[in-house]
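S.K.: Model the structure of this input:
(chains A and B)
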2 protein chains.
Amino acid sequence: MRVIRKIAETKDFINKIKKTAKTIGFVPTMGYLHEGHLSLVRIARKKADFVVISIFVNPTQFAPNEDLKNYPRNIKRDKALLEKENVDLIFYPSAIHIYPRDYKTYINVKDLSKIMCGNTRPRHFQGVTTIVLKLFNIIKPDIAVFGAKDYQQALIIRRMTKDLNLDVKIITGKIIREKDGLAMSSRNKYLSPRQRKDATVLYHALRKIKRDFSSGFSDPKRAKRIIRQLIEKKNGRVDYIAIANKNNLLPVKRIGKDTLVALAVFFGKTRLIDNIII
Amino acid sequence: MRVIRKIAETKDFINKIKKTAKTIGFVPTMGYLHEGHLSLVRIARKKADFVVISIFVNPTQFAPNEDLKNYPRNIKRDKALLEKENVDLIFYPSAIHIYPRDYKTYINVKDLSKIMCGNTRPRHFQGVTTIVLKLFNIIKPDIAVFGAKDYQQALIIRRMTKDLNLDVKIITGKIIREKDGLAMSSRNKYLSPRQRKDATVLYHALRKIKRDFSSGFSDPKRAKRIIRQLIEKKNGRVDYIAIANKNNLLPVKRIGKDTLVALAVFFGKTRLIDNIII
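M.R.: A predicted model of the protein is given here:
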């Protein structure tokens, strides 16, 4: 397993790999890896000949008041985990090389980036699409694997990839959960023991809406009310509850098969997201 | 010379060319070709093994009140001209394939896109960078050649190419002029015989400022005043006069070697641009 920090060196290495007609699988991450990330790495390992993981806590997707500085990092542990997964290359750049002082170029995916998480975090997805496009241009993957917990992110990246005529196949993994149902996230680390327990309400609420739908309930207003009550009982502060068409994220009038139910909830200062497809 | 309209077919063809390790030279155009375009084609022909020209009147770089509908077109003549220049491939897509109905992704180069032409045409450069990136992703050129009349455009594209870690070398040609000094432009066609005569004042004014600098005059305010007087005497309406650092387009306090003097002027409804490096 190689670890390269410099962009030019990574490009040279990738160009050599490309010459032997190997397919490249890519998983962009912000590090502090958990089983969710590793499940994506395994998909890439299965589908491609050469697997590249990037580890980069991308400053442009954090707002000034957010947790960029405190975002958990452990490169040593990450390397050991990726070595075990037979990763071929870790791209681990520093911020100043990715965004030099005179950096000016940003990608925007209209509409999809302004709702849900984009409403609370107005420049978040601009930062995400910009870094992902840059990484695609450096790594030149044939396939790239994204997590399903960040449903909106994966949808936006699919849209960008298609719109910009890129030759990258986007694959989405499955949400990997702790035994009690909490979706794995690097941010779970922020939770107090009490908050950690309470946070299981996200998945329980989502599951309840899915069960209710099986029993004939399909009113999004009712579903939102139930979710909100469950969450607030556990001291969660709802950021948003979206009950939406899974392809365009627009609100639906009736819950149906394939409806997306997505949540963002604060426990203290920690903002968690989760979702389910009905 | 091949002419392909479909994106997927173009990509397949380009991928075949790439396999034989040929370098690809690319000149994006909006068609209605003149000697300015052809000078760029000749640069590409000289520097690359395989030359691709795109002809696409890009709707996203026109504002609703601008001349998209009337922009001159003559694909038959363009094809004949490019055949003579030994072009290998013309990519001639239709708008609905480039921008499908659910299209959402745009590129923005901050600061540089908001001044000069970007001040008068607020979304113009967003349209330019978006189409150029898409074309780069389809054609995968090693080098791309842009005209020097659109100085700001070439600078913005250089910035985008560097920022997004693209492997395209950007080359800028020289401004090609009519015998009387008017910079060649597809839009010159709009001018009445009288306006056509008057429009030579752009280059004359730029040359005067360059001569004045050789004689020791370096005050941008004085230069702007002189340019404005010359232009208004010929019934031109100044859109902007910029006297700026040629690398960041910021106004300079003293004209020096390497200062950019750039103009946009209306003659009737026709907006012409020109520039000179002192």
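S.K.: State the mean pLDDT of stretch A:213-228.
M.R.: Average pLDDT, stretch A:213-228: 98.
S.K.: Does stretch A:7-23 reach chain B?
M.R.: Yes. If you take CB under 8 Å from any CB of the partner chain as the test, stretch A:7-23 does meet chain B, through A:Ile7, A:Lys11. Every C-beta, even on glycine, is put in place using the N, C-alpha and C of the backbone.
S.K.: ok now that stretch, how far from the chain's centre?
M.R.: The chain centre lies 26 Å from the centre of stretch A:7-23; the measure is CA atoms, centre = their mean, to the nearest Å.
S.K.: Can you tell me the SS state at the nearest residue to A:Tyr203 once chain neighbours are set aside?
M.R.: Among residues not flanking A:Tyr203 along the chain, A:Gly181 sits closest, at 3.7 Å (CB to CB, 6 or more residues apart in numbering or on different chains). Three-state assignment for A:Gly181 (DSSP: H, G, I helix; E, B strand; the rest coil): coil.
S.K.: What of A:Leu40?
M.R.: helix.
S.K.: I'd guessed it sits against A:Phe146; true?
M.R.: Yes. Using CB atoms under 8 Å, A:Leu40 is in contact with A:Phe146, at 7.2 Å.
S.K.: Identify the contacts common to those two.
M.R.: Common neighbours of A:Leu40 and A:Phe146, counting by CB atoms under 8 Å, 6 or more residues apart in numbering or on different chains, are A:Val27, A:Gly173.
S.K.: Between the two, point out the one with more neighbours.
M.R.: Between A:Leu40 and A:Phe146, A:Leu40 has the larger neighbour count (other CB atoms under 10 Å in any protein chain shown), namely 26 against 23.
S.K.: The stretch 1-150 of chain A against chain B: which residues are in contact?
M.R.: Counting by CB under 8 Å from any CB, the positions of the stretch 1-150 of chain A adjacent to chain B are A:7, A:11, A:103-112, A:129, A:133-134, A:137-138.
S.K.: Keep only those of those residues that are in strands.
M.R.: The strands, defined by DSSP state E, take in A:Thr105, A:Tyr106, A:Ile107, A:Asn108, A:Val109 from these.
S.K.: which of those residues tops the neighbour count?
M.R.: The most neighbours of any of these, using other CB under 10 Å, belong to A:Ile107, which has 27 neighbours.
S.K.: Contacts only, for the nearest residue to that residue once chain neighbours are set aside.
M.R.: Sequence neighbours aside, A:Thr129 is the residue nearest to A:Ile107 in space, at 4.1 Å (criterion: CB to CB, 6+ apart). Shown in contact with A:Thr129 (CB under 8 Å, 6+ apart): A:Ile107, A:Asn108, A:Val109, A:Ser113, A:Ile156, A:Ile157, A:Met160, B:Thr105.
S.K.: Check those and tell me the two furthest apart.
M.R.: The most widely separated members of those, counting by CB to CB, are A:Asn108 and A:Ile157 (12.9 Å).
S.K.: For the stretch 151-278 of chain A, what lies in contact range of chain B?
M.R.: A:Arg159, A:Met160, A:Asp163, A:Leu164, A:Asn165, A:Leu166, A:Asp167.
S.K.: which residues touch stretch A:111-121?
M.R.: By CB under 8 Å, 6+ apart, stretch A:111-121 touches A:63, A:66, A:122, A:124-126, A:129, A:152-153, A:155-156, A:159, A:239-240, A:242, A:244, A:248-249, A:262, A:264, A:271, A:273, B:104.
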